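**Q** Got a sequence here, can you model it:
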Amino acid sequence: KVASCQAFTIVSSYRFGMDAVGTDAADSGHPLEKQRWLRLALMTISTAMCAGFTSGMDVQLFVEAGVGSSLCNHRDSTCDEQYLFASEVLATTASMSLFLMFINGWLFDRFGGYFLGQVGAGIVAVGFAIAQVPLLGAQSGHDDHTRSWLIMAVNIVEIGHMLGYTSMMSIVWHFPDFKSVVTACSTMTIFGTACFPIILQALMRASGLSFSSVMWGRLVLAALACVCCRYTIPTMEEYRAQGAKAIGMPLPHAEDTTFCQALWNAHSVALQHWPMHVLAIVFIGVATACSTVYGGSLVELGKLLFGSAAAGEALASSLPITAAISACIVVPLFAYASDYLKAGSMGMLAATVALSVLSSFFLTATTWLAQVFTGVCNSIMVSLLAAYFTRYVLAFSGPARLGSVSGLLPTY
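**A** Just a heads-up that it's a prediction; the model follows:
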């Protein structure tokens, strides 16, 4: 069946205008062609440099900078309304990013990750520049006129970051035997940057810099990331050549499909194995919801278990650190071992189930060791789950429709 399919594809390439991209076309002549692991590392670092704002510690940083202070009756102190304003802005943006995934995937299929990576880094830089408006406005006493600019800045940064995250998939066909590692690295650019606010807060306390000055530094990093993307992310031609080499057959001719056509094509692919997709979506949705509830209840959980508000705050502050360590170290190592042992996505799924059971078992233990262990298990589980789903999608979408299919299923 495989031989007949390959023969039919090659014949069709001459009849229907398909690209007969063979294995010999995969040598792009890129300076980092032979150092694919170094190239993957540079892509991961440049995408992480364009990380967006998180709904945890970044809220504290914006509040301490005075954004939203006009909502308080006493301008010399913070208030609940100020925290609520910043939390709603960042939480709404995080939810909105899920609905942008298909649009990003369609752009990936049409223009390639080379284009998305550079544009995304540029958009992030613009967002960091706009973030100066509410920060400087709060410093000068004009917060009531400038705080709404925070909504625009956070959304622009998130749009650019998600474009960069999508561009990571342009190197997946360079690693046909280690796809899980690539998905783990793409996940690292989201969960691995959870400790950025903690690092920025420590930098501000040590140097005396304001949050506005730190934002200018992040703008410079985003500009450097844009340059790095230009020299590391594969072009559309290289991506298609590597994809053809990985699957062992030519790819269909690249067409400028409209948004609605791409949506229908991706939906048609999803319908081919819809029972499996429904099961995967339900499983991942429930697991993600449970993890989100756990992260949002850490303060109250610490108070309940240890009897003090300080214990709850300490328990909550440990979550970004464990999330970053898990996403940057544990998950990539496990993904490499899973691919090396040919376990693939099933190995990642088995580990996710085991970690969820362990975290549930120690959830109510009244010792710090058990609670730290529960937090580590939860952080590893969330990162593995995200990497697993991306790896899962690769089994149902070829190089020609990878972006649209991988963007539609998470949207469902």
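**Q** who's in contact with residue 135?
**A** The contact partners of residue 135, by Cβ atoms under 8 Å, 6 or more residues apart in numbering, come to 65, 66, 67, 210, 211, 212, 215. Where you see a C-beta, it was placed from the backbone N, CA and C, and this is true even at glycine.
**Q** Quick check: the fifth one vs residue 190, distance?
**A** What it means is residue 211. 22 Å (Cβ to Cβ, to the nearest Å).
**Q** circling back to that earlier point, which of the contacts of residue 135 has the largest number of neighbours?
**A** residue 67 (27 neighbours; other Cβ atoms under 10 Å).
**Q** my read: it touches residue 132, true?
**A** No. Under the criterion of Cβ atoms under 8 Å, residue 67 makes no contact with residue 132, lying 11.3 Å away.
**Q** Looking at the contacts of residue 135, spot the one nearest residue 160.
**A** Closest to residue 160 out of those is residue 215 (14.4 Å), distances taken as Cβ to Cβ.
**Q** What helix or strand is the closest one located in?
**A** helix 211-232 (DSSP states H and E).
**Q** got the buried residues for that helix?
**A** Going by neighbour count (16 or more other Cβ atoms under 10 Å), the buried part of helix 211-232 is 211, 214-215, 218-219, 221-223, 225-226, 228-229, 232.
**Q** same deal with stretch 99-106?
**A** Buried residues in stretch 99-106, counted by 16+ other Cβ under 10 Å: 100, 101, 102, 103, 104, 105, 106.
**Q** for stretch 50-70, same thing?
**A** Within stretch 50-70, the residues that count as buried by 16+ other Cβ under 10 Å are 50-63, 65-70.
**Q** Show residues contacting the helix or strand containing residue 335.
**A** Here residue 335, judged by DSSP H and E, is contained in helix 331-340. For helix 331-340, contacts defined as Cβ under 8 Å, 6+ apart pick out 177-181, 183-185, 187-188, 344, 347-348, 351, 380, 383-384, 387.
**Q** C-terminal to that helix, what's the next element?
**A** Note on helix 331-340: by DSSP H and E, the next helix or strand toward the C-terminus is helix 344-361.
**Q** for the stretch 101-250 of the chain, what spans make up the helices?
**A** Along the stretch 101-250 of the chain, counting by DSSP state H, counting those that start in this stretch, helices occupy 101-111, 113-130, 132-139, 143-146, 149-167, 179-191, 196-207, 211-232, 236-247.
**Q** Nearest to residue 288, out of those helices?
**A** Residue 288 sits nearest to helix 179-191 of all these, at 12.0 Å, using Cβ to Cβ.
**Q** The nearest residue to residue 402 once chain neighbours are set aside: neighbour count?
**A** Computed as Cβ to Cβ, 6 or more residues apart in numbering, the closest residue to residue 402 that is not its neighbour in sequence is residue 169, at 6.1 Å. Residue 169 has 25 neighbours, counted by other Cβ under 10 Å.
**Q** Looking at residue 113 now. What's its pLDDT?
**A** For residue 113, the pLDDT comes out at 90.
**Q** Please apply the same query to residue 38.
**A** The model's pLDDT for residue 38 equals 91.
**Q** And it, how close does it get to residue 171?
**A** 12 Å.
**Q** These two - which one has more neighbours?
**A** More neighbours surround residue 171 than the other of residue 38 and residue 171, with 23 against 11 (other Cβ under 10 Å).
**Q** ok, that one to residue 186 distance?
**A** For residue 171, the distance to residue 186 - Cβ to Cβ - is 9 Å.
**Q** Same check on residue 140?
**A** For residue 140, the distance to residue 186 - Cβ to Cβ - is 40 Å.
**Q** So for those two, which sits in the more crowded spot?
**A** Between residue 140 and residue 186, counted using other Cβ under 10 Å, the more crowded position is residue 186 (24 against 10).
**Q** which residues of the stretch 151-300 of the chain score low on pLDDT?
**A** When residues are selected by pLDDT under 70, those of the stretch 151-300 of the chain lie in 254-256.
**Q** can you pull the contacts of residue 189?
**A** By Cβ under 8 Å, 6+ apart, residue 189 lies in contact with 44, 47, 48, 51, 161, 164, 165, 168.
**Q** Using JSON lines, please lay out those residues together with distance to residue 301.
**A** Converted to JSON lines, the contacts of residue 189 look like this (distance: Cβ to Cβ, whole Å):
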{"residue": "44", "distance to residue 301": "33"}
{"residue": "47", "distance to residue 301": "33"}
{"residue": "48", "distance to residue 301": "29"}
{"residue": "51", "distance to residue 301": "27"}
{"residue": "161", "distance to residue 301": "30"}
{"residue": "164", "distance to residue 301": "34"}
{"residue": "165", "distance to residue 301": "30"}
{"residue": "168", "distance to residue 301": "34"}
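**Q** Pretty sure residue 301 sits against residue 311.
**A** No. The criterion here is Cβ under 8 Å, and residue 301 misses it with residue 311 at 9.4 Å.
**Q** Can you identify each of the helices in the stretch 301-412 of the chain by residue range?
**A** With DSSP H, counting those that start in this stretch as the criterion, the stretch 301-412 of the chain has helices spanning 309-325, 331-340, 344-361, 368-394, 402-411.
**Q** Find the residue closest to the most centrally placed residue in the chain in space, skipping its chain neighbours.
**A** What sits nearest the mean C-alpha location of the chain, by Cα atoms, centre = their mean, is residue 190, with 3.7 Å. With sequence-adjacent residues excluded and distances taken as Cβ to Cβ, 6+ apart, residue 190 is closest to residue 165, at 6.4 Å.
**Q** Contact partners for the one you found?
**A** 47, 104, 186, 189, 190.
**Q** again, but for residue 51
**A** Here residue 51 is in contact with 161, 189, 190, 193, 196 (criterion: Cβ under 8 Å, 6+ apart).
**Q** how about residue 251, phi and psi?
**A** phi -100, psi 150 (degrees, to the nearest 10).
**Q** partner residues bridging it?
**A** For residue 251, the beta-bridge partners are residue 19 (DSSP bridges).
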